[in-house]
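K.L.:
test case, fold it:
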Amino acid sequence: MGGDAVGGKAAVTGDGVREENSRRKQMLVRALIYIAGTHLFAGFVILLFAVGGRH
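P.N.:
Next comes the predicted model:
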């Protein structure tokens, strides 16, 4: 155990922190894409109801 653990837990290296930050950024980008896509779809459905209600 050459300094691999601190207090019984694996030490986080710079690469581990960088990987976690990268994953967090990817998750946020994916969430923003899903949220934007959902809003666009909802807006399209509302537009269909608005146009259909005119007839």
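K.L.:
run through the protein and note the low-pLDDT ranges.
P.N.:
The chain contains residues with pLDDT under 70 at 1-13, 55.
K.L.:
the protein: helices as residue ranges?
P.N.:
Under the criterion DSSP state H, the chain contains helices at 14-52.
K.L.:
ok, residue 50 to residue 38 distance?
P.N.:
19 Å (Cβ to Cβ, to the nearest Å). Heads up, the C-betas are built off the backbone N, CA and C, glycines and all.
K.L.:
now residue 22
P.N.:
Counting by Cβ to Cβ - residue 22 and residue 38 are separated by 25 Å.
K.L.:
try residue 49
P.N.:
Relative to residue 38, residue 49 is positioned 17 Å away (Cβ to Cβ).
K.L.:
residue 26 too?
P.N.:
Going from residue 26 to residue 38 by Cβ to Cβ gives 19 Å.
K.L.:
got it, and residue 23?
P.N.:
Using Cβ to Cβ, residue 23 is found at 22 Å from residue 38.
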